[in-house]
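S.K.: sharing a sequence plus its predicted fold:
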Amino acid sequence: GAGVSQTPSNKVTEKGKYVELRCDPISGHTALYWYRQSLGQGPEFLIYFQGTGAADDSGLPNDRFFAVRPEGSVSTLKIQRTERGDSAMYLCASSIDRGTEAFFGQGTRLTVV
Amino acid sequence: GDSVTQMEGPVTLSEEAFLTINCTYTATGYPSLFWYVQYPGEGLQLLLKATKADDKGSNKGFEATYRKETTSFHLEKGSVQVSDSAVYFCALSDEGSSNTGKLIFGQGTTLQVKP
């Protein structure tokens, strides 16, 4: 596609449920990043993939959060036992290689009720 | 750890006014500095960047100069337009040995330009 695509654009889930958020990066981009943006705040780094491997997952808040990128393209952010505090905009970005310009998707707005 | 601090918003200006949005940073290494913009209903877009001290980034009439001595990267525009209304984020990327490209953002500053 022309840009980074994230689906769904909105997700409402009940507390305690499991959710998956999908990111389709720009074709050929080897680096992929997930960020979380709370209302009125800047994005906060969650995890970085170079190819298929998670090269830096230091931003994941706890073990309920997990992300995969099995074929080095599409990535899925998985959140188990969701809590109301997980409500936020989840942003994905990709770049041709690490350290080059990152292109952001429009995000998935997650609401936990 | 590394951090970015931006001036609080919202900033409300009349069209053709001069814009300054302040940004200061704390970093242990020699970061690259960025301004991203988020227009209503759109994703974050890179506006400009500077990779070393005294570099000036510029785009669409916006400018910012990397000031190492004051650890600042203030965004300026000489004459704003209604179409510049958006949220502006200052960010840094620590280009240390890991060079992952991960970004540390400020909290964002909302700019509203009135006709």
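M.R.: Yes, it's here. Numbering: from 1, shown residues only, chains lettered A, B, ... in the order given.

S.K.: centroid residue for chain A?
M.R.: Centroid-nearest residue in chain A, with CA atoms, centre = their mean: A:Trp34, separated by 3.6 Å.

S.K.: list the beta-bridge partners for that one.
M.R.: Counting by DSSP bridges, A:Trp34 is bridged to A:Ile47, A:Cys92.

S.K.: pLDDT wise, what is the residue of chain A found nearest chain B at?
M.R.: Here the residue of chain A nearest chain B is A:Gly42; by CB to the nearest CB that distance is 3.2 Å. Where you see a C-beta, it was placed from the backbone N, CA and C, and this is true even at glycine. According to the prediction, A:Gly42 has pLDDT 95.

S.K.: what number of residues lie near it?
M.R.: 22 (other CB atoms under 10 Å in any protein chain shown).

S.K.: list the contacts for it?
M.R.: When contacts are counted by CB atoms under 8 Å, 6 or more residues apart in numbering or on different chains, A:Gly42 touches B:4, B:89, B:91, B:105-108.

S.K.: could you do A:Cys92 as well?
M.R.: Contact analysis of A:Cys92 by CB under 8 Å, 6+ apart lists A:4, A:6, A:23, A:25, A:32-35, A:75, A:77, A:104-105, A:107.

S.K.: and those, which is closest to A:Asn62?
M.R.: Relative to A:Asn62, the closest of the contacts of A:Cys92 is A:Leu77; by CB to CB it sits at 13.6 Å.

S.K.: is the host helix or strand of the closest one in proximity to chain B?
M.R.: Assigned by DSSP states H and E, A:Leu77 belongs to strand A:75-79. No: between strand A:75-79 and chain B, judged by CB under 8 Å from any CB of the partner chain, nothing touches; the nearest distance is 14.7 Å.
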